[in-house]
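>>> build me a model from this:
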Amino acid sequence: MTIYFYGADEVPYGCFSNFSDHGLDLDGCWWATSEHYFQAQKFIGTRHADLIRRARTPLRAAELGRDPSKPLRRDWERVRTT
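Numbers count the residues shown, from 1 in each chain. Modelled structure (predicted):
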């Protein structure tokens, strides 16, 4: 059986979306969603990562994480998981 969960508000599996309103305490910080955490990992150790962590919404975190004017960490292609 395939489970689809594209939108955070989809029932019954939306809770598995990166945009789902389920925060987590990870790496010594509070992350509002897993999207916040994922996007910030592209810029670990920078002020931009903290800006992403504090973004008001997961959509804003995604926008900040996709900002082409900010350089990704050098090892991003090797360490990222999709």
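>>> SS state for the most centrally placed residue in the chain?
Nearest to the centroid of the C-alpha atoms of the chain, with distances taken as CA atoms, centre = their mean, sits Glu35, at 2.1 Å. Here Glu35 is recorded as helix under DSSP: H, G, I helix; E, B strand; the rest coil.
>>> what of Arg74?
Under the three-state scheme (three-state DSSP), Arg74 adopts coil.
>>> quick check, Arg78 in a helix?
Yes: according to three-state DSSP, the state of Arg78 is that of a helix.
>>> what's the burial count for it?
7 (other CB atoms under 10 Å). Heads up, the C-betas are built off the backbone N, CA and C, glycines and all.
>>> any idea how far Lys70 is from it?
Arg78 sits 19 Å away from Lys70, going by CB to CB, to the nearest Å.
>>> mind listing the strands for the chain?
Applying DSSP state E to the chain gives strands spanning 24-26, 29-31.
>>> just put those in a markdown table and tack on mean neighbour count and distance to Arg56.
Below are the strands of the chain laid out as a markdown table (neighbours: other CB atoms under 10 Å; distance: least, CB to CB, whole Å):
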| stretch | mean neighbour count | distance to Arg56 |
| --- | --- | --- |
| strand 24-26 | 10 | 17 |
| strand 29-31 | 16 | 13 |
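>>> where's the closest residue to Gly7 other than its chain neighbours relative to Ser34, distance?
Among residues not flanking Gly7 along the chain, Gly14 sits closest, at 5.7 Å (CB to CB, 6 or more residues apart in numbering). Gly14 sits 13 Å away from Ser34, taking CB to CB as the criterion.
>>> need the overlap of contacts for these two.
Any residue near both Gly14 and Ser34 by CB atoms under 8 Å, 6 or more residues apart in numbering counts here, and that gives Ser20.
>>> tell me where the model's unsure across the protein.
82 (pLDDT under 70).
>>> if we can go back for a sec, can you list the strands of the chain in a markdown table and add distance to Met1?
Compiled in a markdown table, those are given as follows (distance: least, CB to CB, whole Å):
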| stretch | distance to Met1 |
| --- | --- |
| strand 24-26 | 27 |
| strand 29-31 | 30 |
